[in-house]
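1. Need the 3D shape of this:
(one chain, ligands or ions: 2)
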Amino acid sequence: MNRAPPIIQGALCSMNCLAALLGVFLGLKPVIGRDASQSQPNFLLLLADDLGIGDIGCYGNSTIRTPNIDRLAEDGVRLTQHLAAEAVCTPSRAAFLTGRYPIRTGMTSGNGHRVLQWAAGAGGLPAEEITFAKILKEQGYVTGLIGKWHLGLNCHSSSDHCHHPLSHGFQHFLGMPLGMMGDCAVAEPSEKRMKLQRRLHLCSQVAAVASLTLAAGKLTRLIRAPRWMLVLVLAATTAMFAAASRHVGDFIIYADCFLMRNHTVTQQPLRLERVTGLMLREAETFLQRNKHHPFMLLVSFLHVHIPLVTTEDFHRRSKHGPYGDNVEEMDWMVGQILDTLDREGLTDNTLVYFASDHGGSLESRVGHVQLGGWNGGYRGGKGMGGWEGGIRVPGIFRWPGVLPAGRVVDQPTSMMDVFPTVVLLGGGAEPKDRVIDGRNLLPLLRGETQHSDHEFLLHYCEVFLHAARWVQRDRGRVWKVHFMTPNFHPEGAGACYGSAVCPCFGDVTEHDPPLLFDISADPGETHPLNPDSEPEFHEVVGKLRQEAVRQWSSLSQIHQQLGTIYNIWRPWLQPRCGEFPHYGCDLEE
Ligand SMILES: C[C@]12CC[C@@H]3c4ccc(OS(=O)(=O)O)cc4CC[C@H]3[C@@H]1CCC2=O
Ligand SMILES: [Ca+2]
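-> Ligands and ions are numbered 1, 2, ... in the order given. So this is what the prediction gives:
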């Protein structure tokens, strides 16, 4: 790495000293040079599922009430250009936990699968990947995960738990190994059921046509077979597929929608009406039990993913239908957890972080009722690799006395930055044997620097590079180019209505020259620049192309964990409780 010449080092040193003095003036405690064993802060990480950045008050929403999240921002630092590494769940969460782009960890695909699709699939976060939970555990932290995982479960048998949270540094787990889905409530819109049913119908139609062809062959004496055999084949295939497609919904509820407590399946199928209370109670007991010990607790909400499971108390409370009710309930849950932190005297020594795994889903709607989130003034949403609405997420940090209250940071930051930030604060070190793409956020959060440590951020959709961002520090500008964008349906609609998410390849437009935006001046990506309007067009595009090639050549060969063979349902990997023929259980009180 290049070292700065002595004169600049001197200047940097005095800048740091000034920043430190300013910190003391503002009442902030120094954090550098702390004795890790005495002052390891606790970490409470709160992660929403599918929440749009425009859905909370402190990011501009004036109709959904989120007083608890807003207070977190008032008392801490709010990031306005905080970015998920991908616009869907599995790759984004893998990057969050490892600090690495999903293309490095294999937590992506090149075939349209996008996320892990079955709890009984074989793909998942590889054992050799290092999560911040693993490092913090080694540093003496008690680590816990409550809620959604979606990073795999088993490799070879239904209980090897090779990808389970407890194999990745978490010591306590209560939650859904896959995550909440529309199909967990047999509700509309469905994410998997409809597609599976469509496939089964297609199969039954093919079988019917084959049987009819046989019949015709027999009638014309071209094929020899007894008539009863034909009738039987025709009836059996259509009955089988009709029955199968009718029971697909029940099958998914059983196969994917269940709770695990550590290594045991404790509720199958999940009892939707009880899960919010269960998660809250678990968070409370975790905080009480570990208040005398450094801890890291990740509360990975099942809110605000469809089917928008909301308790009776919050029904029809918001002005935004079932989605708004669900956001308001999640905000209330945040308040309950923060209250516990207060009651247990943990607030001052706990760094709290709040974010969403990616942007709100524009396609989640039934008729004209919108069931997905709103991404403020940003274009696009969940599943769209490059457009800002899919990847720009809320990002709030609070640590009283250490981080300035009410600070707003507009610089680009990534959810991958949480990895080095918590690892270093916890007294650990970043792994040296692999590329870590995240950057320590502490200097930026404390105001010791005004600049993002990222010069480039690349925005992949599966393995396809859809867009890239360059922070041109000397000019204070943030550029973004789009190499590919999804084609919307209907044309110009702003989303891929009729599908769960937009595709990453195939039905996309490749831009040559790429679309260029000055994100600092045009965050809504409304005015693409061209070589005539922007003299730096070719320089910026060239720079970003060069970075894309540089990063591509730094990758090593790796198995795609979301590829088809790892991402299909394997009966022998199916976690279950109960005994044949009475599968299912409820061991949670
Ligand atoms: C439709 C699909 C199966 C469902 C896949 C899906 C499910 C849940 C998602 O939400 S989250 O990212 O976990 O929060 C996202 C997706 C996106 C891809 C969907 C799959 C495409 C092919 C297929 O059969
Ligand atoms: Ca999600």
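2. Looks like residue 340 contacts residue 282 (just checking).
-> No. Distance between residue 340 and residue 282: 11.2 Å, which falls outside the contact criterion (CB atoms under 8 Å). To be clear about C-beta, it is placed using only N, CA and C from the backbone, and glycine gets the same treatment.
3. buried residues in the helix or strand harbouring residue 282?
-> Counting by DSSP states H and E, the element that carries residue 282 is helix 275-289. Within helix 275-289, the residues that qualify as buried are 275-276, 278-280, 282-284, 286-287, counting by 16 or more other CB atoms under 10 Å.
4. will you turn those into TSV that also has distance to ligand 1?
-> Putting the buried residues of helix 275-289 into TSV (distance: CB to the nearest ligand atom, whole Å) gives the following:
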residue	distance to ligand 1
275	16
276	18
278	20
279	17
280	21
282	21
283	21
284	26
286	24
287	26
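5. okay, those in CSV with distance to ligand 2 and pLDDT next?
-> Converted to CSV, the buried residues of helix 275-289 look like this (distance: CB to the ion, whole Å; pLDDT from 0 to 100):
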residue, distance to ligand 2, pLDDT
275, 16, 98
276, 17, 98
278, 20, 98
279, 16, 98
280, 20, 98
282, 21, 98
283, 20, 98
284, 25, 98
286, 23, 98
287, 25, 98
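6. what about the residue of the stretch 351-500 of the chain found nearest ligand 1, how many neighbours?
-> When distances are taken as CB to the nearest ligand atom, the stretch 351-500 of the chain approaches ligand 1 most closely through residue 500, which lies 3.9 Å from it. When counting by other CB atoms under 10 Å, one arrives at 20 neighbours for residue 500.
7. ok, the closest residue to it other than its chain neighbours - contacts?
-> Using CB to CB, 6 or more residues apart in numbering and skipping residues adjacent in sequence, the residue nearest residue 500 is residue 191, 5.3 Å away. Residue 191 makes contacts with 181-183, 306, 500, as judged by CB atoms under 8 Å, 6 or more residues apart in numbering.
8. Recalculate using a threshold of 6 Å.
-> Neighbour list for residue 191: 181-183, 500 [criterion: CB atoms under 6 Å, 6 or more residues apart in numbering].
9. These in helices, which ones?
-> Cross-referencing these with the helices (criterion: DSSP state H) gives no overlap at all.
10. of all these, which comes closest to ligand 2?
-> Distances from ligand 2 to the contacts of residue 191, taken as CB to the ion, are shortest for residue 181 (10.1 Å).
11. Check which helix or strand residue 208 maps to.
-> Residue 208 is located in helix 193-219, with elements delineated by DSSP H and E.
12. so what does that helix touch, helix or strand wise?
-> In terms of contacts (3 or more CB pairs under 6 Å, 6 or more residues apart in numbering; DSSP states H and E), helix 193-219 is packed against helix 227-256.
13. so how far is the helix or strand just after the helix it packs on off the chain centroid?
-> Past helix 227-256, heading to the C-terminal end, the next element that is a helix or strand (DSSP H and E) is strand 259-261. In terms of CA atoms, centre = their mean, to the nearest Å, the centre of strand 259-261 is set 20 Å apart from its chain centre.
14. same thing with stretch 523-542?
-> In terms of CA atoms, centre = their mean, the centre of stretch 523-542 is set 30 Å apart from its chain centre.
15. quick one: contacts of it?
-> 377, 379, 388, 479, 481, 514-517.
16. mean confidence for it?
-> Confidence over stretch 523-542 (mean pLDDT, whole number) is 96.
17. Relative to ligand 2, which residue of the stretch 201-350 of the chain is the closest?
-> Taking CB to the ion as the measure, the stretch 201-350 of the chain has residue 305 as its residue closest to ligand 2, at 5.8 Å.
18. Please report phi then psi for that residue.
-> phi -80, psi 150 (degrees, to the nearest 10).
19. wait, it sits on residue 50?
-> Yes. Look at residue 305 against residue 50 with CB atoms under 6 Å: they come within range, at 4.7 Å.
20. Flag every residue of the stretch 1-150 of the chain that's near ligand 2.
-> The stretch 1-150 of the chain comes close to ligand 2 at residues 49-50, 89, as judged by CB under 5 Å from the ion.
21. From the residues you listed, which land in helices?
-> Reading helices off these with DSSP H, I get residue 89.
22. Let me know the pLDDT of the residue of the chain at minimum distance from ligand 2.
-> In the chain, no residue comes nearer to ligand 2 than residue 89, which is 3.7 Å away by CB to the ion. The predicted local distance difference test score for residue 89 is 98.
23. Pretty sure it sits against residue 150.
-> Yes. Under the criterion of CB under 6 Å, residue 89 is in contact with residue 150, at a separation of 5.1 Å.
24. May I have the phi/psi pair for the nearest residue to residue 473 once chain neighbours are set aside?
-> Using CB to CB, 6+ apart and skipping the chain neighbours, the partner closest in space to residue 473 is residue 451 (5.8 Å). When read as degrees, to the nearest 10, the backbone of residue 451 gives phi -120, psi 150.
25. residues from the protein in reach of ligand 2?
-> When proximity is defined by CB under 5 Å from the ion, the chain lies next to ligand 2 at 49-50, 89, 357.
26. what residues are up against whichever residue of the chain sits closest to ligand 1?
-> Closest approach of the chain to ligand 1 (CB to the nearest ligand atom) occurs at residue 89, with a separation of 3.0 Å. Residues counted as contacts of residue 89 (CB under 6 Å, 6+ apart) are 115, 150, 357.
27. Redo those as a markdown table? Include secondary structure, pLDDT and neighbour count.
-> Formatted as a markdown table, the contacts of residue 89 follow (DSSP: H, G, I helix; E, B strand; the rest coil; pLDDT from 0 to 100; neighbours: other CB atoms under 10 Å):
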| residue | secondary structure | pLDDT | neighbour count |
| --- | --- | --- | --- |
| 115 | coil | 98 | 24 |
| 150 | coil | 98 | 27 |
| 357 | coil | 98 | 30 |
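28. Show me the beta-bridge partners of residue 478.
-> residue 471 (DSSP bridges).
29. wait, it sits on residue 471?
-> Yes. Taking CB under 6 Å as the contact criterion, residue 478 and residue 471 are neighbours in contact, 5.4 Å apart.
30. thinking again about what came up before, do you know how far the residue of the chain closest to ligand 1 is from residue 130?
-> As for residue 89, its distance to residue 130 is 20 Å (criterion: CB to CB, to the nearest Å).
31. residues near residue 565, how many?
-> 11.
32. cool, and residue 57?
-> Neighbours of residue 57 using other CB under 10 Å come to 18.
33. Just to be sure, residue 47 is in a helix?
-> No. Remark: residue 47 does not belong to a helix; assigned using DSSP: H, G, I helix; E, B strand; the rest coil, it is strand.
34. tally of neighbours for it?
-> As a burial measure, the neighbour count of residue 47 was computed by other CB under 10 Å and equals 23.
35. confidence score at it?
-> At residue 47 the predicted local confidence, pLDDT, stands at 99.
36. what residues are up against it?
-> 300, 355.
37. Could you report the distance from the residue lying farthest from the centre of the chain to residue 550?
-> The outermost residue of the chain, judged against the average C-alpha position, is residue 221 (59.6 Å), by CA atoms, centre = their mean. Counting by CB to CB, the gap between residue 221 and residue 550 amounts to 69 Å.
38. re the thing from before, and the residue of the stretch 201-350 of the chain closest to ligand 2, how many neighbours?
-> Using other CB under 10 Å, residue 305 has 28 other residues around it.
39. Please apply the same query to residue 456.
-> By the criterion of other CB under 10 Å, residue 456 has 18 neighbours.
40. what's the closest non-adjacent residue to it?
-> By the measure of CB to CB, 6+ apart, the closest residue to residue 456 outside its immediate chain neighbours is residue 547, 4.6 Å from it.
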